[in-house]
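**Student:** below are the sequence and a predicted model for it; my questions follow.
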Amino acid sequence: MVPDMKVLVTGGGGFLGCHIIELLQHRGYDVRAMGRHKQPVLESRGVTFMAGDVSFLEDVERAVDGVDAVFHVAGRAKMDMDYQAYYNTHVVGTKNVVSSCEKYGVSRLVLTSSPAVVFNSRDFSGNDESLPLQKHYHWPYVTTKAQAEAHVLAHNSAQLKTVAIRPHLMLGEGDPHLIPNVLRRARRQQLKIVGDGENLVDITFVKNAAHAHLLAFDALERDVAGGKAYFIGQERPVKLWSLINMILESVGLEKVQEHISFRRAYWAGWAMEVFYKLFLRLKMPPMTRMLATVLSKNHYFSHERAYRDLGYTPLITIEQGLAELLRGLRLRRKLGLRK
């Protein structure tokens with residue numbers, strides 16, 4: 001380890017970025033965070049904050065200049081169909097990060113990717129990283145993240161070593177996206193079990209995802225992980241709808257019991273996508289083909305490559321992570337706070 005190493009985390013104020021920064025600071029590294037909004041909490045912890053947008057090259061170059069390594073965590077998490085916005089953040093932003101790293105002699109680049117880059121309408125049951133990236137898909141998040149990952153891995157070299165980490169369904173206290181979306185839909189009675197409700201999925205507690213990023217960072221130094229992508233998850237997959245109902249119960253909401261077939265949900269999603277594109281522009285329909293697939297199909301992956309190359313095993317087990325998550329949700333309920 002190099003105590004005086006300078007590291008940039010794009011999206012450092014986000015859910016995952018904050019956890020990565022905490023681990024980097026624990027090592028004694030000098031950490032910068034780049035983002036569009038001020039981060040007084042990070043600054044109070046000694047993090048140098050660089051205001052900027054990754055889709056603007058000058059902002060990225062200013063943030064990268066003078067650092068030794070970059071964790072490119074910034075991404076667009078909104079659930080909508082705005083292709084240009086996704087493209088600007090994921091593709092343009094990632095190209096800006098790569099070119100800036102090459103310009104200023106950065107030696108290591110760790111990208112936060114997603115298993116979504118291989119998604120189609122089929123089951124994934126223990127598949128590995130040999131799955132092809134999606135070049136065309138009906139949700140712009142998928143295709144733009146796939147383009148970003150491909151660009152980063154293609155630029156792996158002796159001068160700039162690159163790696164992509166694909167954590168699946170990140171959970172944890174402070175999650176601003178996944179759990180709030182589930183609870184919002186449940187309160188509006190917009191949730192139905194798609195399919196038979198027995199589908200298995202990978203989940204990743206955010207502390208484990210951050211841990212995997214640092215393991216990948218270390219592996220690059222050993223010339224092990226360069227140019228590779230890694231699926232990351234817990235020690236085993238879980239039943240998606242059992243997990244959702246457990247979360248709903250913890251905040252006093254009714255379990256989801258009504259079912260809809262995958263076929264019906266899929267084609268309803270297609271129809272809604274067409275309608276929204278014609279009349280509601282870029283808003284996200286309540287059902288899409290992607291959502292129907294995610295809610296009904298198996299999507300869990302082999303983590304063997306991460307175990308072998310990175311030495312990854314979860315720091316927090318499923319049981320420990322769920323206990324922490326549900327405890328936080330119950331506390332928020334007791335305090336009258338909505339998530």
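**Tutor:** Structure's in. What do you need?
**Student:** could you use CA atoms for every contact and neighbour count after this?
**Tutor:** Will do.
**Student:** tell me the bridge partners for residue 111.
**Tutor:** Note on residue 111: beta-bridge partners by DSSP bridges are residue 72, residue 164.
**Student:** how many neighbours does it have?
**Tutor:** Here the count is done by other Cα atoms under 10 Å, and residue 111 has 25 residues near it.
**Student:** in contact with it: list those residues for me.
**Tutor:** With Cα atoms under 8 Å, 6 or more residues apart in numbering as the criterion, the residues that contact residue 111 are 71, 72, 73, 149, 152, 162, 163, 164, 165.
**Student:** redo that, cut-off 7 Å
**Tutor:** When the contact criterion is Cα atoms under 7 Å, 6 or more residues apart in numbering, the partners of residue 111 are 71, 72, 73, 163, 164, 165.
**Student:** what about the first one, distance to residue 280?
**Tutor:** Taking Cα to Cα, to the nearest Å as the measure, residue 71 falls 36 Å from residue 280.
**Student:** how many residues are close by residue 323?
**Tutor:** For residue 323, the number of neighbouring residues by other Cα under 10 Å comes to 12.
**Student:** now the closest residue to residue 176 other than its chain neighbours, what are its backbone angles?
**Tutor:** What sits nearest to residue 176 in space, not counting adjacent residues and going by Cα to Cα, 6 or more residues apart in numbering, is residue 15, at 7.1 Å. Phi and psi for residue 15, reported as degrees, to the nearest 10, are phi -60, psi -50.
**Student:** residues near residue 15, how many?
**Tutor:** The burial count assigned to residue 15 is 19, neighbours taken as other Cα under 10 Å.
**Student:** just to revisit the earlier point, with pLDDT and neighbour count added, can I get the contacts of residue 111 in JSON lines?
**Tutor:** Shown next, in JSON lines, are those (pLDDT from 0 to 100; neighbours: other Cα atoms under 10 Å):
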{"residue": "71", "pLDDT": "98", "neighbour count": "27"}
{"residue": "72", "pLDDT": "98", "neighbour count": "24"}
{"residue": "73", "pLDDT": "98", "neighbour count": "24"}
{"residue": "163", "pLDDT": "98", "neighbour count": "29"}
{"residue": "164", "pLDDT": "98", "neighbour count": "27"}
{"residue": "165", "pLDDT": "98", "neighbour count": "24"}
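**Student:** quick check, nearest of the residues you listed to residue 116?
**Tutor:** The nearest member of the contacts of residue 111 to residue 116, counting by Cα to Cα, is residue 165 at 11.8 Å.
**Student:** thought residue 313 was touching residue 305?
**Tutor:** No - under the contact definition of Cα atoms under 7 Å, residue 313 does not touch residue 305, with a separation of 11.3 Å.
**Student:** what sits against the nearest residue to residue 49 once chain neighbours are set aside?
**Tutor:** Leaving aside its chain neighbours, residue 49 sits nearest to residue 33 (4.9 Å; criterion: Cα to Cα, 6+ apart). With contact taken as Cα under 7 Å, 6+ apart, residue 33 is in contact with 8, 9, 10, 11, 12, 47, 48, 49, 50.
**Student:** secondary structure class of the last one, three-state.
**Tutor:** The three-state label for residue 50, taken from DSSP: H, G, I helix; E, B strand; the rest coil, comes out as strand.
**Student:** my read is that it contacts residue 61, right?
**Tutor:** No - counting by Cα under 7 Å, no contact exists between residue 50 and residue 61, whose distance comes to 10.8 Å.
**Student:** please say which of the two ends up with more neighbours.
**Tutor:** residue 50 (23 against 18).
**Student:** for that one, give me the pLDDT.
**Tutor:** For residue 50, the pLDDT comes out at 94.
**Student:** equivalent analysis for residue 337, please.
**Tutor:** Predicted confidence (pLDDT) at residue 337: the value is 65.
**Student:** quick one on the thing from earlier: for the contacts of residue 111, name the two members farthest from one another.
**Tutor:** Using Cα to Cα, the two most remote members of the contacts of residue 111 are 73 and 163, lying 12.2 Å apart.
**Student:** that older thread, backbone phi and psi for the residue nearest to residue 49, please?
**Tutor:** The phi and psi torsions at residue 33 (degrees, to the nearest 10) take the values phi -120, psi 140.
**Student:** cool, thanks, signing off.
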